[in-house]
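> Quick one: sequence plus predicted model below, questions after.
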Amino acid sequence: MVAVGKQDALLAQMRKGTLQYCVLSLLVEDERYGFDLVRSLAETDGMVTSEGTIYPLLSRLRRDGLVETTWRESSSGPPRRYYKLTKSGRAALEAFKSEWGPFRDAVDHFVERKA
Amino acid sequence: MSTTPDKLVDRYVKHLEVELDDLPRDRRREIVDEIAGHIAEARAGLEHESEVDVRNILEGLGDPADIAEDARERFEVRPTVQAQPFKPGWMEVAALVFLLIGGLIIPMFGWIIGVVLLWVSNAWNVRDKIIGTVFVPGGLVLPIGLALFSSSVAGGTCGPVISGSGRAITAAPCSYGGTSTNYFGIVALIALVVIPIVTTAYLAHRLRQQPSAAAIA
């Protein structure tokens, strides 16, 4: 059915659009490396369908200056690239949060309304 | 022969590199390195690594083609082959038919219809369209017309040619072969028949290529 296909595409787009803010949120407390970020995201169902797509996103965030990276030695293997929130990354996240809250509530208000 | 985990990982990373081919080099390197690092990290966390474990790690990462598509979207890279919403249909077939023999169906205008359809269609690029237009205007009308014309002209030169003064200058023989200019004419005529056919075949060939090229994108 066409409608279902469109809905899937819409959900995929929404996921894609919001994923970067989930990643930025995970970096608020501490810097983290890629595998660790992926593991955290994968713990929540429905957020990431293919883990590999996190890496293009991380690369993009770095290029946009929302995160910065540092290589650090690892106790268990080769060095890891750690991602850290930048000032503009923090600002982008705050801006998103201020929009997202009311938006989510507004959508919930309609779709969760008891018939 | 069973596939070893190393081979699986190797194949996956190579596949990913190929899929990311149209990304700028540094971005491709960064993504491939990070994903290779992810695989190494995940494998290091396994107690006893089995082929199934490695397959599950790769499965979790997802299809390299999906990752590449995501990456292209993130970096606003358009696929090298532009995906046009296009399927060869009646318009393309009609364009080819009219280009080749349209002039025979509707004198003159038939070919023009073919040219219009050729340029309107999304199936061909500008180079193909120019080729289709230039080789050869009129399609098969030109050689057939020339053949009819030259035979009638040749027919007309049979018999005595009368000069203005009314005196018979020469009794021209009824043959139009044998001279080198006529050989040239025949070669030109054959070329005029062959070129439009070759052009049409070429355009049809391009038509066949297009959908698969779009499918890659």
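Yep, it's here. Since the model is a prediction, treat every value here as computed from it, not as a measurement. Numbering: from 1, shown residues only, chains lettered A, B, ... in the order given.

> Find me the pLDDT at B:Val81, would you?
Looking at B:Val81, its pLDDT is 58.

> I should have written B:Glu47 there, sorry.
The model's pLDDT for B:Glu47 equals 87.

> looking at this, it is in a helix?
No - if the criterion is DSSP: H, G, I helix; E, B strand; the rest coil, then B:Glu47 is coil and not within a helix.

> what about it, how many residues close to it?
5 (other C-beta atoms under 10 Å in any protein chain shown). Bear in mind the C-beta positions are built from the backbone N, C-alpha and C, glycine included.

> What separation is there between it and chain A?
Per C-beta to the nearest C-beta, to the nearest Å, B:Glu47 is found 13 Å from chain A.

> Need phi/psi at the residue of chain B found nearest chain A.
Minimum separation of chain B from chain A (C-beta to the nearest C-beta) falls at B:Gly62, amounting to 2.2 Å. Backbone torsions for B:Gly62, taken as degrees, to the nearest 10, come to phi 100, psi 170.

> in chain A, which segments are predicted with low confidence?
Applying pLDDT under 70 to chain A flags residues A:1-4, A:114-115.

> what's near enough to touch the residue of chain B closest to chain A?
A:Thr49, A:Ser50, A:Glu51, A:Gly52, A:Thr53 (C-beta atoms under 8 Å, 6 or more residues apart in numbering or on different chains).

> burial measure for B:Ala191, as a count.
13.

> just the strands in chain A please.
Under the criterion DSSP state E, strands of chain A are mapped to A:32-33, A:67-72, A:80-85.

> Make CSV out of those strands and add distance to chain B.
Formatted as CSV, the strands of chain A follow (distance: least, C-beta to the nearest C-beta, whole Å):
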stretch, distance to chain B
strand A:32-33, 8
strand A:67-72, 10
strand A:80-85, 7
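
> out of the ones you listed, nearest to B:Trp124?
strand A:67-72 (45.1 Å; C-beta to C-beta).

> what's the spacing between the closest one and its chain's center?
17 Å (C-alpha atoms, centre = their mean, to the nearest Å).

> List the residues that contact B:Gly139.
By C-beta under 8 Å, 6+ apart, the contact set of B:Gly139 is B:Phe98, B:Leu99, B:Leu100, B:Ile101, B:Gly102, B:Gly103, B:Leu104, B:Trp111, B:Gly114, B:Pro196, B:Thr200.

> my bad, A:Leu66
With C-beta under 8 Å, 6+ apart, A:Leu66 has these contacts: A:Gln20, A:Leu24, A:Leu85, A:Thr86, A:Ser88, A:Gly89, A:Ala92.

> tell me which residues of stretch A:29-41 are tucked away?
Buried residues in stretch A:29-41, counted by 16 or more other C-beta atoms under 10 Å in any protein chain shown: A:Arg32, A:Tyr33, A:Gly34, A:Phe35, A:Asp36, A:Leu37, A:Val38, A:Ser40, A:Leu41.

> The residues you listed: which two are farthest apart?
For those, the farthest-apart pair by C-beta to C-beta is A:Tyr33 and A:Leu41; their separation is 13.1 Å.

> What about the residue of chain A found nearest chain B, how many residues nearby?
Using C-beta to the nearest C-beta, A:Ser50 is the residue of chain A that sits closest to chain B, at 2.2 Å. Using other C-beta under 10 Å, the number of residues around A:Ser50 comes to 15.

> Next up, phi/psi of it, please.
When read as degrees, to the nearest 10, the backbone of A:Ser50 gives phi -120, psi 120.

> ok, and the closest non-adjacent residue to it?
Residue nearest to A:Ser50 in three dimensions, not counting chain neighbours: B:Gly62, with 2.2 Å by C-beta to C-beta, 6 or more residues apart in numbering or on different chains.

> pLDDT score assigned to that neighbour?
Per-residue confidence (pLDDT) for B:Gly62: 95.

> Tell me which other helices or strands the longest helix along chain B touches.
Longest among the helix segments of chain B by residue count, using DSSP state H, is helix B:180-216. If you count contacts as 3 or more C-beta pairs under 8 Å, 6 or more residues apart in numbering or on different chains; DSSP states H and E, helix B:180-216 packs onto helix B:90-97, helix B:126-134, helix B:141-156.

> would you turn those into JSON lines with mean pLDDT?
Output for these, formatted as JSON lines (pLDDT from 0 to 100):
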{"stretch": "helix B:90-97", "mean pLDDT": "85"}
{"stretch": "helix B:126-134", "mean pLDDT": "84"}
{"stretch": "helix B:141-156", "mean pLDDT": "69"}
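
> and the ones you listed as CSV, adding distance to A:Glu112?
Below are those laid out as CSV (distance: least, C-beta to C-beta, whole Å):
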stretch, distance to A:Glu112
helix B:90-97, 49
helix B:126-134, 54
helix B:141-156, 71
